[in-house]
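> sequence plus the predicted model coming up.
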Amino acid sequence: MTTRIGVISSGRGENLRHIIEAISSGRLPAEVAVVLADQPEAGALRIARGAGIEAAFVDPTGLGRAEYDARLAEHLDRAGVDLVVLTGYMRILTPEFVRRFRGRTINIHPALLPSFPGLDAFQQALDYGVKVTGTTVHLVDEEVDHGPIIHQVAVEVREDDTHESLKARIQEAEYRAYPEALRLFIERRPKVLGRKVVFGGKEVE
Ligand SMILES: Nc1nc2c(c(=O)[nH]1)N[C@@H](CN(C=O)c1ccc(C(=O)N[C@@H](CCC(=O)O)C(=O)O)cc1)CN2
Ligand SMILES: NCC(=O)N[C@@H]1O[C@H](COP(=O)([O-])[O-])[C@@H](O)[C@H]1O
């Protein structure tokens, strides 16, 4: 049974593009069933439609957080989604949503959590003066950028880095890391023991 992914995005959609490419090339055993966005001009909607994938702008106007998340959940359930994948989704999901999709909602964050949670992790890394940062793929829980970690990739910070150059290098790492993390999660079905995501056993051939 192919894993059906529901993507929720606010952003440009480049992680979505690379997930779609990984599926098309056979590197990711899944299908994107639906793409949802809270912004009508989100690049993720254009990329989804260009790939023939159902896509919907879910308008948050006049809705409280819980009501809005319930709308998202309705779209996901209607599409028969198994796994919820956030790509640059810039709203905090309510505890009700997290509970409804617990253990199957995944996010990518452009830093090595628990360092630099929240917004503009690139600038946080530059301001702190770290020599290494990176990207983290993690399960989503009721807190922000706190859920158990599935996969991380380190990225060097160079002395002449600007916000844009560091952001570009981290995002290039994300485009490899997210499809790989999703493949591991789908094929090896890890256990979550407290804060730890435990894959156990040997690599799936
Ligand atoms: N319950 C959870 N929801 C979300 C998580 C999570 O871990 N748990 N991850 C975020 C993604 N994210 C960073 O990766 C993130 C997104 C948004 C915010 C935030 O402070 N948003 C503000 C509004 C920001 C704005 O509109 O400019 C807010 O919602 O009040 C922090 C981190 C996705 N959701
Ligand atoms: N805190 C959340 C956060 O900063 N997420 C970041 O938004 C970008 C979305 O890009 P995309 O829309 O092109 O995939 C990604 O770099 C992701 O790590």
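Okay, I see it. Everything quoted here is computed from the prediction, not taken from an experiment. Ligands and ions are numbered 1, 2, ... in the order given.
> in the longest helix along the chain, what's buried?
Using DSSP state H, we find that the single longest helix of the chain is helix 163-188. Using 16 or more other CB atoms under 10 Å as the test for burial, helix 163-188 gives 166-167, 169-171, 173-175, 177-187. Using the backbone N, CA and C atoms, a C-beta is placed for each residue, glycine as well.
> among the residues you listed, which are in reach of ligand 2?
171, 174 (CB under 6 Å from any ligand atom).
> strands of this structure, start to end?
For the chain, the strands defined by DSSP state E cover 3-9, 30-37, 55-57, 83-87, 105-109, 132-139, 149-156, 191-193, 196-198.
> just to revisit the earlier point, mind giving me the packing neighbours of the longest helix of the chain?
helix 14-24, strand 83-87, strand 105-109, helix 121-128, strand 132-139, strand 149-156 (3 or more CB pairs under 8 Å, 6 or more residues apart in numbering; DSSP states H and E).
> nearest to Ala55, of the ones you listed?
Closest to Ala55 of the helices and strands packed on helix 163-188, according to CB to CB: helix 14-24, at 9.9 Å.
> what's next to that closest one, contact-wise?
Under the criterion CB atoms under 8 Å, 6 or more residues apart in numbering, residues 5, 7, 9, 28, 30-32, 35, 43-44, 47-48, 51, 53, 85, 87-88, 108, 171, 174-176, 178-179, 182-183 lie in contact with helix 14-24.
> just stretch 47-60 next, same as before
Contacts for stretch 47-60 (CB under 8 Å, 6+ apart): 7, 13, 16-17, 20, 32-40, 42, 44-45, 68, 71-72, 75, 79, 91.
> next one: stretch 163-178
With CB under 8 Å, 6+ apart as the test, stretch 163-178 has contacts from 14-15, 18-19, 87, 108, 110, 122-123, 125-126, 133-135, 137, 151-153, 155-158, 161.
> can you tell if it touches ligand 1?
No. Stretch 163-178 lies out of reach of ligand 1 by CB under 6 Å from any ligand atom, never closer than 11.4 Å.
> all numbers from here: first residue = 54
Got it, the first residue is 54 from now on, which makes the last one we talked about stretch 216-231.
> pLDDT (mean, whole number) over that stretch?
Average pLDDT, stretch 216-231: 98.
> so which bits of the protein are right by ligand 1?
Residues of the chain lying near ligand 1 (CB under 6 Å from any ligand atom): 139, 142-146, 151, 160, 162, 171-172, 193, 195, 197-200.
> let's see it at 5 Å
By CB under 5 Å from any ligand atom, the residues of the chain that approach ligand 1 are 142-146, 160, 162, 171, 193, 197-198.
> for the residues you listed, which PyMOL command selects only the ones that are buried?
The following PyMOL line selects those of those that are buried, judged by 16+ other CB under 10 Å:
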select buried, resi 142+146+160+162+193+198
